[in-house]
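[1] got a predicted structure here, sequence first:
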Amino acid sequence: MPWASGTFSRTNGSNSGSTTWAQDRDAGVRITAPRHDTHDQDLADGINACLAKNGENAATDDLNLGGNKYTNAGDGTARDDLSTVGQIQDGDNVWADAGGTADAITATYSPAITTLVDGMELRVRAAAANATTTPTFSPNALTARTIVKNGGAALAAGDIAGDGHELLLRYDSDNTRWELLNPRGVTGAASSTDNAIPRFDGTGGKTFQGSGVTIDDNNLLTAPGGFAGNKGGDIASAGTLVIGTDGDFFDITGTTAVTAMTVAASRWFVLQFDAALTLTHGASLLLPGAANITTASGDRAVFYATAANTVICLSYTRAAGSVNTVTQGKHTIWMPAGAMRPTVSNGCADLATVETTAGRPDLQVLDFDASADEHAQFSIAFPKSWNNGTVSFQVFWTSAATDTDGVTWALQGVACADGDTADVAYGTAVTVNDANQSTAEDVYVTAESGAVTIAGSPGDSEIAFFRIFRDVSDANDTATEDARLIGVKLFYTIDAGNDE
C-alpha cells in the first residue's frame with residue numbers, strides 16, 4: 001500500500017521503504033519485471049491518491065488542512081462554492097439593488113438563490129416607499145412572498161422608507177413570508193418643531209403629530225398644562241378653585257376657604273398658599289385623614305385629579321419643611337380611671353387599687369353598681385389642632401365575677417369657653433355594649449363607639465367636660481355585679497399640623 005496513516009511508502013512486493021532495491025541487491029536478487037511493475041504501480045497508486053492542482057480529480061473524503069488556510073482564492077460563484085473573506089465582508093452574495101416596483105420588489109443575487117430556507121436573511125436596497133400594507137419580495141424570480149414586520153404584524157404604508165432604505169429581510173418558512181427586521185423609524189415633517197416630542201393622532205389613522213412637550217438641549221422636560229414643573233399664574237382663592245392650564249405650580253392668594261376645584265382629569269399640580277385659609281375635606285376634595293386643613297403662608301400641597309373636578313391631596317408640606325403627617329387619620333387620648341373623679345351626685349365608688357397577685361399588676365379602678373346609674377367625670381383641654389368635631393370612645397374595664405353578663409357604658413360631653421358658665425347640661429349620651437367573657441379580673445375592651453356630639457359649640461381654647469356612666473337601664477346591661485372601669489380611650493380628629 002502506498003499510503004498508510006497519511007504516510008506514503010513504496011514497495012516492490014517483497015521489500016519496502018527507502019532501500020527497496022538495495023535490499024534486493026544485498027540479497028543477491030536481480031531486478032525482475034514483476035518486482036519492477038509492482039514498484040511502479042505502487043508509485044502510480046500513490047500519485048492517483050493525491051489531488052491534481054488543475055482540478056481534474058475530486059477529494060473522496062473530508063480534507064484536513066492541519067490548521068493551514070487556502071490563500072489567493074477566487075470568489076465563489078455557485079451555491080456550493082466556498083466564499084472568500086472578501087465576499088463575506090462585501091456582502092455580494094446576499095445583497096442586491098431592488099428591482100420590480102415599490103410593492104412588488106425583486107432582486108437578483110449572484111450566485112442565484114434557488115430555494116427559500118427558513119431563517120434565510122437577504123439584504124436589498126429599496127428603490128421606493130411601499131404604498132400598500134402587503135408589499136411582496138421575490139429573489140431571483142422565486143415565488144413572491146408578502147413582507148411583514150418582525151413577528152407578523154402588517155406593514156404600514158411607508159415602513160419601507162423609500163429609495164436607499166437598506167432592507168434586512170428574514171424568511172419565515174412556517175408562514176411563507178418575509179419579515180422586515182428594520183422598518184423605518186419615526187421621521188418628522190420638514191416643519192417639525194426642534195426638540196418637540198411627537199404623539200399619535202388617533203383620529204387621523206394613528207399618524208404622528210406635533211406636541212407641546214419638548215426636551216431642550218439641556219435635557220429639561222417642558223410640558224405646558226400637562227406636567228408639574230411649569231409655574232402658572234397666581235390663582236385667587238375661592239370656594240371653587242379653578243386650576244389654570246398655563247402650568248402646574250400655582251400660588252394661591254387670599255383667605256377664602258376652598259371646598260372644590262375645577263380641573264381636568266389626570267392632572268398633577270402643586271399649590272403654594274400665600275396666606276391662611278381652610279381646605280375643606282369633601283367628596284370631590286379628598287384630604288389626608290379626611291380632615292380639613294388650615295394653611296399657612298408658604299405651605300405646599302401636591303394634588304392629583306382622579307376624575308374631572310375630583311382631586312386628592314397626596315402630600316402636604318408645611319413651610320417649615322416638615323411633612324404634615326400628623327393630619328393622617330384619627331388621634332387618641334388615654335384617660336385612666338386615676339384621672340377621673342366620681343361625680344358629687346350619683347357618683348361611682350372612689351378610686352380603688354385592686355391587687356391581682358403579689359408582684360403582678362395592680363388595677364386602679366372605679367366601681368359602678370348594677371342597681372342604679374353611677375357616674376364619673378373627667379375634663380380635657382383639646383389641642384388647637386382639633387377640628388372641634390365629634391369624638392368617639394372605647395372603654396377598658398374588668399369584673400370581679402366569673403360569668404358572661406353584659407355591661408353598657410355611656411359617655412356625654414359639654415364644652416365651655418372663656419367666660420362661659422360651667423353650670424351647663426351635658427350633650428346626648430352615646431352608649432357602647434360589652435360583656436364578661438369568663439374569668440374574674442380579665443381585661444375587657446369595648447368596640448369603638450358611635451360619634452359623640454359635645455354640647456356647647458366647642459372651639460379653640462375651650463375645656464370639654466365628660467361624664468362616663470354605667471347605663472343599667474339599657475337592656476344589654478345584665479351583669480349583677482360591679483363593673484370596674486380601668487380607663488377610656490378617646491378618639492378625635494385634627495385639621496392642623498400644630499397649635500400655632
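    Sure, I can see it.
[2] tell me the strands beside the helix or strand Leu363 falls within, with direction?
    According to DSSP states H and E, Leu363 maps onto strand 362-368. Strand 362-368 has its sheet partners listed here by DSSP bridges as strand 352-355 (antiparallel), strand 483-492 (antiparallel).
[3] and of those strands, who's closest to Ala22?
    Set against Ala22 and scored by CB to CB, these come closest in strand 483-492, at 122.2 Å. (C-beta placed from N, C-alpha, C; glycine too.)
[4] please spell out which residues along the strand holding Leu363 are buried.
    For strand 362-368, the buried set under the neighbour-count rule, 16 or more other CB atoms under 10 Å, comprises 364-368.
[5] equivalent analysis for stretch 467-479, please.
    Buried residues in stretch 467-479, counted by 16+ other CB under 10 Å: 467-472, 474, 477-479.
[6] same check on stretch 421-438?
    Judged by neighbour count (16+ other CB under 10 Å), stretch 421-438 contains these buried residues: 426-427, 429-436.
[7] that older thread, got the CA coordinates for the strand holding Leu363 in CSV?
    This file holds the C-alpha atoms of strand 362-368, laid out as CSV (Å, rounded to 0.1, in the frame of the first residue of the first chain):
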residue,chain,number,x,y,z
ASP,A,362,-52.4,46.2,90.4
LEU,A,363,-55.6,47.5,89.0
GLN,A,364,-56.7,51.1,89.7
VAL,A,365,-60.4,51.1,89.1
LEU,A,366,-63.7,52.9,89.6
ASP,A,367,-66.5,50.5,90.5
PHE,A,368,-70.0,51.1,89.1
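[8] show the average pLDDT along the helix or strand following it.
    Once the chain leaves strand 362-368, the next helix or strand it forms, by DSSP H and E, is strand 375-380. Averaged across strand 375-380, the pLDDT comes to 97.
[9] now the angle between strand 362-368 and strand 375-380, please.
    Between strand 375-380 and strand 362-368, the angle comes out at 120 degrees (axes from the mean of the first three to the mean of the last three CA atoms, to 10 degrees).
[10] hmm, who's touching the helix or strand that strand 375-380 is followed by?
    Once strand 375-380 ends, the next helix or strand along the chain (criterion: DSSP H and E) is strand 392-399. Applying CB atoms under 8 Å, 6 or more residues apart in numbering, the external contacts of strand 392-399 come out as 363, 365, 407, 409, 411, 430, 432, 434, 436, 440-452, 468, 479, 481-491.
[11] in a strand, Ala44, correct?
    No - applying DSSP: H, G, I helix; E, B strand; the rest coil, one finds Ala44 to be helix, outside a strand.
[12] separation between it and Thr38?
    Between Ala44 and Thr38 the distance is 11 Å, computed by CB to CB, to the nearest Å.
[13] just the buried subset of the contacts of strand 392-399, please.
    Of the contacts of strand 392-399, these count as buried by 16+ other CB under 10 Å: 365, 407, 409, 411, 430, 432, 434, 436, 444, 446, 449, 452, 468, 479, 481-491.
[14] how far does the strand holding Leu363 sit from its chain's centre?
    Put simply, strand 362-368 sits 54 Å off its chain's centre (CA atoms, centre = their mean, to the nearest Å).
[15] just put the strands paired with strand 362-368 in JSON lines and tack on distance to Asn150 and mean pLDDT.
    Below are the strands paired with strand 362-368 laid out as JSON lines (distance: least, CB to CB, whole Å; pLDDT from 0 to 100):
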{"stretch": "strand 352-355", "distance to Asn150": "81", "mean pLDDT": "94"}
{"stretch": "strand 483-492", "distance to Asn150": "62", "mean pLDDT": "96"}
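[16] among those, which is nearest Ala337?
    strand 483-492 (5.2 Å).
[17] so the closest one versus strand 392-399, what angle?
    Orientation check (the same axes, to 10 degrees): strand 483-492 against strand 392-399 gives 160 degrees.
[18] hang on, the earlier thing: tell me the average confidence for the strand holding Leu363?
    In this model, strand 362-368 has an average pLDDT of 96.
[19] one step back: output the strands paired with strand 362-368 as TSV; include the columns distance to Thr317.
    Putting the strands paired with strand 362-368 into TSV (distance: least, CB to CB, whole Å) gives the following:
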stretch	distance to Thr317
strand 352-355	48
strand 483-492	24
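[20] so which of those is nearest Val391?
    The closest of those to Val391 is strand 483-492. By CB to CB, the value is 4.9 Å.
[21] tell me how far that closest one lies from the chain's centre.
    44 Å.
[22] export that strand as PDB, just CAs?
    Coordinates of each C-alpha in strand 483-492 appear next as PDB, following Å, rounded to 0.1, in the frame of the first residue of the first chain:
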ATOM      1  CA  ALA A 483     -68.300  46.900  86.600                       C
ATOM      2  CA  ARG A 484     -64.800  48.100  87.200                       C
ATOM      3  CA  LEU A 485     -63.600  50.900  84.900                       C
ATOM      4  CA  ILE A 486     -59.900  50.900  84.100                       C
ATOM      5  CA  GLY A 487     -59.900  53.800  81.700                       C
ATOM      6  CA  VAL A 488     -61.200  55.400  78.500                       C
ATOM      7  CA  LYS A 489     -59.500  55.800  75.100                       C
ATOM      8  CA  LEU A 490     -60.900  59.000  73.400                       C
ATOM      9  CA  PHE A 491     -60.700  59.400  69.600                       C
ATOM     10  CA  TYR A 492     -60.600  62.800  68.000                       C
END
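[23] report how many residues lie close to the residue nearest to Ala422 when sequence neighbours are not counted.
    Excluding its sequence neighbours, the residue lying closest to Ala422 (CB to CB, 6 or more residues apart in numbering) is Cys416, at 5.6 Å. Residues lying near Cys416 (other CB atoms under 10 Å) number 18.
[24] got a list of what Cys416 touches?
    With contact taken as CB under 8 Å, 6+ apart, Cys416 is in contact with 422, 424, 456, 462-465.
[25] what's the PyMOL syntax to select whichever of these are buried?
    Remark: buried members of those, expressed as a PyMOL selection using 16+ other CB under 10 Å:
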select buried, resi 456+462+463+464+465
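[26] Thr253: which of the contacts of Cys416 is nearest?
    Proximity of the contacts of Cys416 to Thr253 (CB to CB) peaks at Glu462, which lies at 31.8 Å.
[27] so where is the stretch 301-450 of the chain shaky, pLDDT-wise?
    Within the stretch 301-450 of the chain, the stretches with pLDDT under 70 are 320-329.
[28] how about the strands of it, start to end?
    310-317, 331-336, 341-342, 352-355, 362-368, 375-380, 392-399, 406-416, 430-435, 444-445 (DSSP state E, counting those that start in this stretch).
[29] now render those as TSV, adding distance to Tyr304.
    As requested, the strands of the stretch 301-450 of the chain are arranged in TSV below (distance: least, CB to CB, whole Å):
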stretch	distance to Tyr304
strand 310-317	6
strand 331-336	26
strand 341-342	50
strand 352-355	54
strand 362-368	49
strand 375-380	37
strand 392-399	30
strand 406-416	37
strand 430-435	37
strand 444-445	38
